[in-house]
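Colleague: What follows is a protein structure lacking sequence information:
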DNA sequence: CATGATCGGTTGCAAATGAAACTATCGCCG
DNA sequence: CGGCGATAGTTTCATTTGCAACCGATCATG
């Protein structure tokens, strides 16, 4: 009967098998390809695009809420909002109850841009995932969830 | 009998389920945690650390070869090398056959630093992977390989 | 063996980033 | 009330980044 054994570190570091490294390369490739398109076609940076996507789904969030939801720095979010505002792509109102807080929503122009980008982003994701079997896609989903949780506790210290 | 059907894009973009986004958040968390440690303990940036790991495994590579192997920009590699050189952590010689080319190796001091960091990095990776079952770890390995290939062809256009 | 294309590597510059300081508002407790 | 710590969001500044232009060395071709 096999003995349950704790998972052990590899004995030697081989960069091309090191998971954090592989994740980083993969992510840079994917994000880079998407970002190039957002920029070329709509003059959007990645943070701007993420803020748009978040507001499209949850209109009325505050900047801090967007930052928390997207795991971006609050400064990054602040600048993305400023950029979107400048381009007339979102509206900002002050919350009546708490006047520190901004209530953010996509403007009609913002919605229009978003509705043109979203299908493109989904199509790219689809193309990426099409290289996997359905079982692998389910596994990926599950792994991302578990790893994210593990990474969160890793980061704490 | 089920009909084989092509994988389709999701009908609506939901940021927290969008794979490129999830990968990005996960990677930033992990890399951030590692980078903080490298910097605190040894004053190493991530590119420097990667160059060291590459040279530890393949001594004598040129800067371009390191860049290719790590998928980093050649400018990034050049600066990482300059930093490591300044800190006395690597030696650079000119290739006799092709005098454009630099032959890079870790110095004794560089080896010493590396030998102290590598176990730490591996221990962190291990802690991350410990949250997965052995089958999940195998699946992760496989997925990273497949996705990386898919991403490469995605990036082309 | 001349010369134009190419490659290895560095530098300049403009944009992105993030930590820390700052402003304005809020909630709480005396 | 009054004032003090916490929170929302912006600004500042120093650092990092990456593209593009560049320099010297090499290669390929005639």
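Modeller: Noted; the coordinates are in hand. Source: prediction; values computed, not measured.

Colleague: residues from chain A in reach of DNA strand D?
Modeller: For chain A, the contact set with DNA strand D under Cβ under 7 Å from any atom of the strand comprises A:62-65, A:74-75, A:78-79, A:81-82, A:98, A:100-102. In this view, the C-beta of every residue, glycine as well, is placed from N, C-alpha and C.

Colleague: do that again at 10 Å, thanks
Modeller: A:28, A:32, A:35-36, A:61-68, A:73-82, A:85, A:92, A:94-95, A:98-104 (Cβ under 10 Å from any atom of the strand).

Colleague: Give the buried subset of these as a ChimeraX selection command.
Modeller: Here is the ChimeraX command that selects the buried residues among the residues of chain A next to DNA strand D (16 or more other Cβ atoms under 10 Å in any protein chain shown):
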select /A:28,35,61,62,63,65,66,67,76,77,78,80,81,101,102,103,104
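
Colleague: Can you list which of the residues of chain A next to DNA strand D are found in strands?
Modeller: Judged by DSSP state E, strands contain the following of the residues of chain A next to DNA strand D: A:92, A:94, A:102, A:103, A:104.

Colleague: quick check, residue A:24 in a helix?
Modeller: Yes. Assessed by DSSP: H, G, I helix; E, B strand; the rest coil, residue A:24 belongs to a helix.

Colleague: low-scoring stretches of chain A, by residue?
Modeller: A:4, A:155-157 (pLDDT under 70).

Colleague: Nearest to DNA strand C: which residue in chain A?
Modeller: Across chain A, the shortest distance to DNA strand C (Cβ to the nearest atom of the strand) belongs to residue A:99, at 3.1 Å.

Colleague: residues contacting that residue?
Modeller: Counting by Cβ atoms under 8 Å, 6 or more residues apart in numbering or on different chains, residue A:99 touches no other residue.

Colleague: For chain A, which segments count as helices?
Modeller: For chain A, applying DSSP state H gives helices covering A:19-42, A:46-57, A:63-70, A:74-86, A:108-129, A:134-155.

Colleague: okay, those, which one's buried deepest?
Modeller: Burial of those is given as mean neighbour count (mean count of other Cβ atoms under 10 Å in any protein chain shown); helix A:46-57 ranks first at a mean of 23.

Colleague: between that one and helix A:19-42, how many degrees?
Modeller: Interaxial angle, helix A:46-57 versus helix A:19-42 (axes from the mean of the first three to the mean of the last three Cα atoms, to 10 degrees): 80 degrees.

Colleague: tell me which strands and helices helix A:46-57 is in contact with?
Modeller: helix A:19-42, helix A:63-70, helix A:74-86, strand A:90-94, strand A:102-106, helix A:108-129 (3 or more Cβ pairs under 8 Å, 6 or more residues apart in numbering or on different chains; DSSP states H and E).

Colleague: Now do the fourth one: everything it contacts.
Modeller: Looking back up the chat, that one is strand A:90-94. Outside strand A:90-94, the residues that reach it (Cβ under 8 Å, 6+ apart) are A:51-52, A:55, A:81, A:84-85, A:101-107, A:110.

Colleague: One more pass at 6 Å, please.
Modeller: Residues outside strand A:90-94 that contact it (Cβ atoms under 6 Å, 6 or more residues apart in numbering or on different chains): A:84, A:102, A:103, A:104, A:105, A:106, A:107, A:110.

Colleague: That strand: how far from the chain's middle?
Modeller: 22 Å (Cα atoms, centre = their mean, to the nearest Å).

Colleague: any residue of it up close to DNA strand C?
Modeller: Yes. For strand A:90-94, a contact with DNA strand C is found by Cβ under 10 Å from any atom of the strand, at residue A:94.

Colleague: hmm, back to that, relative to residue B:121, which of the helices of chain A is closest?
Modeller: Among the helices of chain A, helix A:19-42 comes nearest to residue B:121, with 7.7 Å by Cβ to Cβ.

Colleague: List the contacts of residue A:113.
Modeller: Taking Cβ under 6 Å, 6+ apart as the test, what residue A:113 contacts is residue A:42.

Colleague: Now residue A:37: closest residue in space, sequence neighbours ignored.
Modeller: Spatially, and ignoring its direct neighbours in sequence, residue A:37 is nearest to residue A:120 (6.7 Å; Cβ to Cβ, 6 or more residues apart in numbering or on different chains).

Colleague: right, I mislabeled it, should have said residue A:77
Modeller: Nearest to residue A:77 is residue A:67, by Cβ to Cβ, 6+ apart, at 4.3 Å.

Colleague: Quick check: that neighbour touching residue A:75?
Modeller: No. Assessed by Cβ atoms under 6 Å, residue A:67 is found out of contact with residue A:75, at 8.9 Å.

Colleague: does residue A:50 really touch residue A:70, like I thought?
Modeller: Yes. Contact criterion Cβ under 6 Å: residue A:50 and residue A:70 qualify, at 5.1 Å.

Colleague: what does chain A put close to DNA strand C?
Modeller: Counting by Cβ under 10 Å from any atom of the strand, the residues of chain A near DNA strand C are A:31, A:35, A:39, A:43-48, A:72-80, A:83, A:94-101.
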